[in-house]
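Trainee: Starting from these lines, generate the structure:
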Amino acid sequence: MALITLGAALIGCTSTERVMTPYEEELAVDSPNAVNFHSMLYFPSGTALHYPGYVVALEKSPQAIIGGPKFNPRASFLDANASYFKGEDGSYNTTREHIERFQGSDWKAMFVSHILKNDIYQDTSVSYFAKSHCFVYNAYAARRLAGTSTDHDLRKISDWNACKTSMNLEEHPVRLNQLYEYGRPALDALQLNLIQDLRGDRYTHVLIVVMGWNTAQDEAIRNINDITGNLMAAAEEARGAQINDLATSPKPEKVSKSRFRPLVIGVTWPSFWTNSFTNFFSYGNKANDADEIGLSWLNKLINQTVPNALDASGSQARVVAIGHSFGARAMTRALFSSPALDPGSDGPKSRVDLAIGLQGAVSINRFMPGKGIEGAPYRDFAKLGKTHIALTASQYDGAAGGRVFWYDPSGSIKSWHLACDGRDAQMAATFDCLTASDTSASPGGGFSLCKAGDDRCSTTPVSQGKVSYIDASNGITQFNSPGSGGGAHSDIYRLPMGRLLWRLVEEYALAP
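Mentor: So this is what the prediction gives:
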């Protein structure tokens, strides 16, 4: 009898639904894995940036529900027929074909789900400080969802307060089939917040970070915090001219003189299907999703929202964009996608000062016409002007370690050797090959970034008019990161990577 009672109790527990289930079902994001991409709505205080900034969360829902371009042409903000994209004609899976597919054929589409702001709450009367959050935008606060059930208004039992400057859907009668097109006013509201933030000299940099495959939202936020924290630590370490002899000495308590005071923008997205072995089969789908993000919402964020805010605020902050794995694919795609927003332009334009693809799941052939089957969408990298691109590879990366079906991933050491062995003139004209090393853990060791083959670092590692391609195998991307697969694919969250990133910022994106 006791066993029967226990069994019944266990069955009863497993059938208890989540508090957001009715809303999630309305948007068809109610699967056990889909909920991992809006965990900030469940835990807005716990899943948070440690640094001032924003999280732009994308989710994927049927176009028929959210009013995607397939069903609502007004929702489209991308022009697949921009004249610049015609330079890829005759290739496979061109930019035009990508846009036409995810706007007009795919049954699901990425939409802006929520934008959360993390900042500091301070009460100067009692000298009290604490982290705070508010929502610049929250699709789940729409009246239509609140009306799903007369006794289930989540706005009244969730810490979903809007920011003072926001697109608050509780105040707007938005239908569910308008949620896709409301991504634009959501980013407009973010732009207004950025203008306020960037006035004055509080921030030296706008840091945009996109994570990759198999990364839930809470993990992505943790990773963004580590990347930011290690960059800040490396910048402070460099300001002290040398690594302290006492490795664990206290950090300085003031950052006012730091050369790296970032305003962070993290972008999260639904990057996996399942946690089982069958997730392997999602690779091609998630590769396309990363390109969709880079062509659409990340494109608008990087090429309109942030530049407009910089101009309106008068800020001289430098822009650094970092992507890991498929995040590198999305980020680099965005760099070259401005013609989709401005179809009359003669080519891509970017206000990003430094773009870094860490262990990228993106083909190096995208930079070179005639090398791959994708039409070389990054062929005009040298014409971006102020934007410098850097990529890392590692011999210990088991995820991007070899040729993946149809392309040569930039995170693979095999791709690095393909580009850097000197046999191919086109690759030699495209990539400046470097090696980064951090042997600080060994007596007499330290950090270095050198031209490949120049063990003494006798020449400057600055790359003019080329893509910096860095072998980070020695002490930087060398070890397995706990809880991750793919060898050292995710070994990017330690201080040695922070030192490499800061070295690149010093060369290409140092604020005045």
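Trainee: any idea how far the residue lying closest to residue 492 once chain neighbours are set aside lies from residue 498?
Mentor: Closest residue to residue 492 apart from its sequence neighbours, by CB to CB, 6 or more residues apart in numbering: residue 358 at 5.0 Å. Using the backbone N, CA and C atoms, a C-beta is placed for each residue, glycine as well. Noted for residue 358: a distance of 12 Å to residue 498, by CB to CB, to the nearest Å.
Trainee: same question, residue 206
Mentor: Per CB to CB, residue 206 is found 18 Å from residue 498.
Trainee: quick one on the thing from earlier: ok, residue 358 and residue 498, which is more surrounded?
Mentor: Using other CB atoms under 10 Å as the criterion, residue 358 and residue 498 rank with residue 358 on top: 32 against 25.
Trainee: ok, what's across the strand from the more buried one?
Mentor: Beta-bridge partners recorded for residue 358 (DSSP bridges): residue 324.
Trainee: which residues does it contact?
Mentor: Shown in contact with residue 358 (CB atoms under 8 Å, 6 or more residues apart in numbering): 322-325, 328, 392, 411, 477, 492, 497.
Trainee: if you set the cut-off to 10 Å instead, what comes out?
Mentor: Contacts for residue 358 (CB atoms under 10 Å, 6 or more residues apart in numbering) come out as 209, 211-212, 227, 322-325, 327-328, 331, 390-394, 410-411, 470, 472, 477, 489-492, 497, 500-501.
Trainee: ok, now residue 300?
Mentor: Contacts of residue 300 by CB under 10 Å, 6+ apart are 77-78, 112, 183-184, 187-188, 306, 334, 337-338, 340-341.
Trainee: Any stretches of the chain with poor pLDDT?
Mentor: 1-14, 149-150, 241-246, 252-256, 273-282, 401-406 (pLDDT under 70).
Trainee: what about residue 363, how many neighbours?
Mentor: Residue 363, neighbours per other CB under 10 Å, totals 24.
Trainee: quick one, phi/psi of it?
Mentor: Main-chain torsions, residue 363, degrees, to the nearest 10: phi -70, psi 140.
Trainee: mind listing the helices for the stretch 401-512 of the chain?
Mentor: Using DSSP state H, counting those that start in this stretch, the helices found in the stretch 401-512 of the chain span residues 413-420, 425-430, 495-508.
Trainee: For residue 29, find the nearest of those.
Mentor: Nearest of the helices of the stretch 401-512 of the chain to residue 29, taken as CB to CB: helix 495-508 at 32.5 Å.
Trainee: What residues sit buried inside that closest one?
Mentor: Residues 495-505, 507-508 are the ones in helix 495-508 that count as buried (16 or more other CB atoms under 10 Å).
Trainee: if I look at the nearest residue to residue 204 once chain neighbours are set aside, how far off is residue 170?
Mentor: Once flanking residues are discounted, residue 204 sits nearest to residue 511: 3.9 Å by CB to CB, 6+ apart. Going from residue 511 to residue 170 by CB to CB gives 38 Å.
Trainee: now residue 216
Mentor: In terms of CB to CB, residue 216 sits 27 Å off from residue 170.
Trainee: Looking at the two, which one has more neighbours?
Mentor: residue 216 (20 against 15).
Trainee: That one reaches residue 42, doesn't it?
Mentor: No. Applying CB atoms under 10 Å as the test, residue 216 and residue 42 come out as separate, 11.9 Å apart.
Trainee: Need the overlap of contacts for the two.
Mentor: residue 35.
Trainee: Which secondary structure state is assigned to residue 267?
Mentor: strand (DSSP: H, G, I helix; E, B strand; the rest coil).
Trainee: Please list all residues in contact with the residue nearest the centre of the chain.
Mentor: Geometric centre of the chain, nearest residue: residue 210, 1.0 Å, by CA atoms, centre = their mean. By CB under 10 Å, 6+ apart, residue 210 lies in contact with 56, 58, 220, 224, 265-269, 271, 290, 293-294, 298, 301-302, 321-331, 334.
Trainee: So which of those sit within strands?
Mentor: Judged by DSSP state E, those include 56, 58, 265-268, 321-324 as members of strands.
Trainee: which among those residues end up buried?
Mentor: 56, 58, 265-268, 321-324.
Trainee: In those residues, find the pair that's most separated.
Mentor: Within these, two members stand farthest from each other by CB to CB: 58 and 322, at 17.1 Å.
Trainee: quick one: buried residues of stretch 111-122?
Mentor: 111-119.
Trainee: quick one: the strands in this protein?
Mentor: 53-62, 108-123, 128-138, 162-167, 205-210, 262-268, 318-324, 354-358, 388-393, 431-438, 447-451, 467-474.
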